[in-house]
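Q: give me the fold of what follows.
(2 chains)
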Amino acid sequence: MEEPLLRIEGLRTHFFTSEGVLKAVDGVDLSVPAGTTVCLVGESGCGKSVTARSILQLVDKPGKIVDGSIRWNGKVDLARLHPAGEEIRRVRGGEIGMIFQEPMASLSPMYTVGAQLSQALRLHRDLTKQEARQESIALLRKVGIPNAEQRFDSYPFQLSGGMCQRVMIAIALCCDPALLIADEPTTALDVTTQARILDLMMDLRAQNDMAILFITHDLGVVAEIADEVAVMYLGKVVEHGTVDEIFSDPRHPYTRALLRSIPKLRGSGARQQLTAIRGMVPALRRVPDGCPFHTRCDHVIEGLCDTAPPPLRTYGGDGHLAYCHLDEVPAEPSAPVVARVAERASASEAEPLLRIEGLTKHYPSGGGLFRRPSGAVRAVDGVDLAIPAGRTLGLVGESGCGKTTLGRCVARLIDPTSGRILYRTAEGDEVDLVTVTGARLKEFRRQIRVIFQDPFSSLNPRMTLQQIVGEPLKTHGIAGGSELKDRVADMLVRVGLRPEYMQRYPHAFSGGQRQRINIARALITEPRLVIADEPVSALDVSVRAQMLNLLTDLQDELGLTYLFISHDLSVVEHISDRVTVMYLGKVAEDADTANLYRQPLHPYTEALLHAVPVPDPGLRRERHAYEIADDLPDPAAPPPGCRFHTRCTHVRDELCRTVVPELRAFGERRQAACHHAADLTLAGMASTAHDVEVSGLTAGRDA
Amino acid sequence: MNDSSVKDETLAVASQWKLVWWGFKRHRVALICGFVTIAIYLVAVFAPFLAPGSGQKANADYTYAPPQSLHFDFDTGLYVNPYTFEQDPETLALSFTTDESKKVPVGFFVKGEPYELLGFIPWDRHLFGPEDPNGPPMYLLGTDSVGRDLLSRIIRGTTVSMSIGLVGVLLSLLLGIVLGGVSGYVGGRTDTVIQRIIEIIMSIPTIPLWMALFAAVPASWSQLERYFALTVVISLVGWTGMAREVRGKFFAVRGEEYVMAATADGAGRFRIMFRHMLPSFTSHIIANLSLSIPTVILAETALSFIGIGLQTPMISWGVLLQEAQNIRAVSTAPWMLVPGVAVVVTVLAMNFFGDGLRDAADPYKH
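A: Model (predicted):
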């Protein structure tokens, strides 16, 4: 067999901390053949990033490569090189490029992107300043940045996240590396931007004939780009195979569990429970004996899996292998469809719990101590919507479209500029929340609660769980003393946390657990309306499934009404009865979930739908047709006419560019703001993902 | 396994202060300096007992007596050799030698000049001193121009110098937290106005400003009043740094989602500011305090040194150094500079301590 570009054998990277040795990478074998894309998949804390960093000797102290070899080009053993030596520095950037998760944080805010790019060029190549500039502009153009000459002199904060990631890619590519290591490059980005970045990487791979080592926790992304896949769990590769093998014939129970937990677009509109993986990744300090996955596996064999390390099994001819005691893993039953779905869909429109009329929120921009504001950012610009009691309204759009602002206006965390927010109280009166102040507002704060997005910054690190979850009980004078304690304990059990955790501080919990705390805090006042602001965006895909199931269960149990905000249509489909799509502060489309997914009426909805990665390698190239340009226009100066026309693939005539489309009704309970909604035939989910089985077992590669 | 889970449990329920303490313990130099700082404050509190004398008693026979050294033998225990001196008939200058043949026994818990411990417990015992209060004196660090014991004066001066540091800083802390807090929490125009005021205060050179403010204090005021006037003057100029620090912290914390969550929980403004926001940077404020105490001590020293701060008979390190102003005194009696050593040791110890505290202050930063 031909020597691969990169061959890792028995790599062990351990961290020597005061709590003991953490075996972050514990015997990884992996090879990347020239010109292929290898994906490294697993949940957070499985050692994917450390593996990638070990290749370039970028492991921070107290981490150290203790064993194994990293053979580069069949010659140099990178594991043996000194981390600050001449040789490894030539490889870094010169032969292996790397991009990271947070594009904004990876670029220095003090220099223009052009300066950073030409700096990288001149480090590795003998170029004059002028040549470096020319070369940089060419590179920026290559990674799809419009107006490259002007962008050369922009600072990172002037660019969007997607643009910054493109710049990062340009820097990584500047010396034509043979291998590009991408560490979760799209996790922090919107779905639409993610799709475009993935396409860019695939195109560049083909043009430059380079290999890519792509690290992600999202199997949907894997299906989009991978040639080979390595699934990692607790510092070890548990399964390895080609992308088709992994998706059509997964062998390891962990791979199967990961595959089943991805929320998929189904186009049916039915709410369905997701199959989540039980529990969470154990801490590295306490790696289970035997097979590391046995604590979460559905097919444990007592006395075997928990004692002996699993043997290596090979399937087929070329390199499909897995470490499992079971040779043939029995199929799992698929998740039950939520029982009330039929009733939900057929029930006639319930009384709306919340009606929003003409809501606007403008932020003044410019201005200073002695100057008047020069303009306004129209974050929310005349939005009408209604949420039926006991249902879930999904609010979808890219970042910057005003959905979070809208949610915060409803929760009265910020004051809207104008408009009405009519809330139906338990007695049946309608109250305009905008006009409510003081003690009455406090009462509504009890009934309308928010689940925040960021599981880390939304919990005060200085307070214990009891203080955090019990705070609303205290401020509203609902309970105190031992009653407060009982209530908090009860709530913690409901969201799946042990009540003994009450005295712990948030630093003791993982992201998923923190989000459960967040949910507990929101629900403890027995609210009627819950605004969930991207509650799962910051979580691993596997944990997302747990969280969505929990939210669904609690809704049924407590009769809650949700306003569910997300940028990801695949997540929204699993929980929403109705979906409203927002673009640049305005509603683009509003429909029942099933209708929206089957047959979108607005081109923006179509684009959002098709940006979601489909966890089926066979369908990967179809998406290209519906792609839209990267950047949201400046919300301070929205384009005239239809706001979406600058990115719309269906833009037709002067009408789109000059006249603002009104939100018009199309059939029953359905509205869209597009001039051509009636005569466009847009592709819904049914037309592409038609009848694709959930686990992807039947997927063929006929595209 | 069991052991590590117990460890996990303690870590999980560890409050912020525990985490800070764990972090601080790892910082060796800071830990030692912390103990030194505590020791200096203990000296300040128990100064009258620790000092062999009051430091006020002048003895014309012993002007500029050089330091004596402490000896030990098994017959008398601790002792010093008494001075013999000659007076130059022309210049009248005294020159001292120690008489090796005689011994002045030194004991612990000896009777001496009466004092009031902590200001209200009358007592006359001193930790150590010559056993016979009416016999030859003991000057371990020498004497000043009128024959007062320098060691006693330095120890007594600790009280004033250290307390001025503490009181002055607490006053500027109060101003800093209130004005900085309002500036940071309210923001907008209020913030702009407060910040401009701070900038104006900061742009005036400090020593002339102190001099001008202190010149306004009537000369008829008593020593105690002058002492308070001095702390007020120092903190009126010194609060700006603290205010900026607090404002910056409020700004940083205001953007955290948990502050918005507190609003959604129905907490009032006051509760959000003091229950939710302030705890997240109290440790920073404390670290900052321990860093600004030395500046206040130095300010007092500087003011007293140039003669506009405290004056004798009040004793502070600055007052003591004032005597070391003229070069002739220093050349004939270099021990007059010893109070300077006290200042240097204190300032260094508190700075290292504060630095260590600041590093440990944010256990959540990775």
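Q: now for the residue nearest to A:Gly74 when sequence neighbours are not counted, how many residues are close by?
A: Closest residue in space to A:Gly74, ignoring its immediate chain neighbours: A:Glu3 at 4.1 Å, by CB to CB, 6 or more residues apart in numbering or on different chains. (Glycine included, C-beta is placed from N, CA and C.) Using other CB atoms under 10 Å in any protein chain shown, A:Glu3 is surrounded by 12 other residues.
Q: just A:Val431 next, same as before
A: Using other CB under 10 Å: A:Val431 sits among 15 other residues.
Q: sec struct for it, please.
A: strand (DSSP: H, G, I helix; E, B strand; the rest coil).
Q: hmm, it is touching A:Leu422, no?
A: Yes - the pair A:Val431 and A:Leu422 qualifies as a contact (CB atoms under 8 Å) at a distance of 7.1 Å.
Q: what residues are up against A:Val579?
A: A:393-396, A:569, A:572-573, A:589-593, A:596 (CB atoms under 8 Å, 6 or more residues apart in numbering or on different chains).
Q: do A:Gln447 as well
A: Here A:Gln447 is in contact with A:423, A:425, A:525, A:527-529 (criterion: CB under 8 Å, 6+ apart).
Q: in PyMOL, how would I select just the buried ones from the residues you listed?
A: Selecting only the buried entries of those in PyMOL, with 16 or more other CB atoms under 10 Å in any protein chain shown as the criterion:
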select buried, chain A and resi 423+525+527+528+529
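Q: number of nearby residues for whichever residue of the stretch 201-350 of chain A sits closest to chain B?
A: Residue nearest to chain B within the stretch 201-350 of chain A (CB to the nearest CB): A:Arg285, separated by 6.0 Å. Residue neighbour count, defined by other CB under 10 Å, stands at 16 for A:Arg285.
Q: do B:Arg254 as well
A: 15.
Q: pretty sure it contacts B:Tyr185?
A: Yes - between B:Arg254 and B:Tyr185 there is a contact at 6.9 Å, judged by CB under 8 Å.
Q: my guess is A:Lys23 contacts A:Val287. True?
A: Yes - between A:Lys23 and A:Val287 a contact is recorded at 6.7 Å, counting by CB under 8 Å.
Q: tell me how chain B divides into domains.
A: B:68-138, B:151-361 (the TED database).
Q: shaky segments in the stretch 301-450 of chain A?
A: A:317, A:332-350, A:366-374 (pLDDT under 70).
Q: which ones are touching the residue in it that chain B sits nearest to?
A: Nearest to chain B, among the residues of the stretch 301-450 of chain A, is A:Arg445, at 4.4 Å (CB to the nearest CB). Neighbour list for A:Arg445: A:411-412, A:476, B:264-266 [criterion: CB under 8 Å, 6+ apart].
Q: spell out which parts of the stretch 151-300 of chain B neighbour chain A.
A: B:189, B:192, B:256-258, B:260-268, B:271, B:276, B:279-280 (CB under 8 Å from any CB of the partner chain).
Q: now list the buried members of those residues.
A: Counted by 16+ other CB under 10 Å, these give B:256-258, B:260-267, B:271, B:276, B:280 as buried.
Q: and the furthest pair within the residues you listed?
A: Maximum pairwise distance in these, criterion CB to CB, is 20.0 Å, between B:Gly266 and B:Ser280.
Q: narrow the contacts of A:Arg445 to those in helices?
A: B:Ala264 (DSSP state H).
Q: what is the least confident helix or strand in chain A?
A: Least confident element among the helices and strands of chain A, by mean pLDDT, DSSP states H and E: helix A:341-346 (a mean of 45).
Q: where along the stretch 101-250 of chain B do the strands fall?
A: Using DSSP state E, counting those that start in this stretch, the strands of the stretch 101-250 of chain B run over B:104-117, B:121-130.
Q: what's the angle from the longest one to strand B:121-130?
A: Read it as strand B:104-117. Angle between the axes of strand B:104-117 and strand B:121-130 is 160 degrees (criterion: axes from the mean of the first three to the mean of the last three CA atoms, to 10 degrees).
Q: packing partners of strand B:104-117?
A: Counting contacts by 3 or more CB pairs under 8 Å, 6 or more residues apart in numbering or on different chains; DSSP states H and E, strand B:104-117 is packed against helix B:47-50, strand B:77-80, strand B:121-130.
Q: for stretch A:656-676, measure first residue to last.
A: Start to finish, the residues bounding stretch A:656-676 are 9 Å apart (CA to CA, to the nearest Å).
Q: of all the residues in it, which ones are buried?
A: A:656, A:661, A:663, A:666, A:670-676.
Q: on that earlier part again, in which helix or strand does the residue of the stretch 301-450 of chain A closest to chain B reside?
A: helix A:438-447 (DSSP states H and E).
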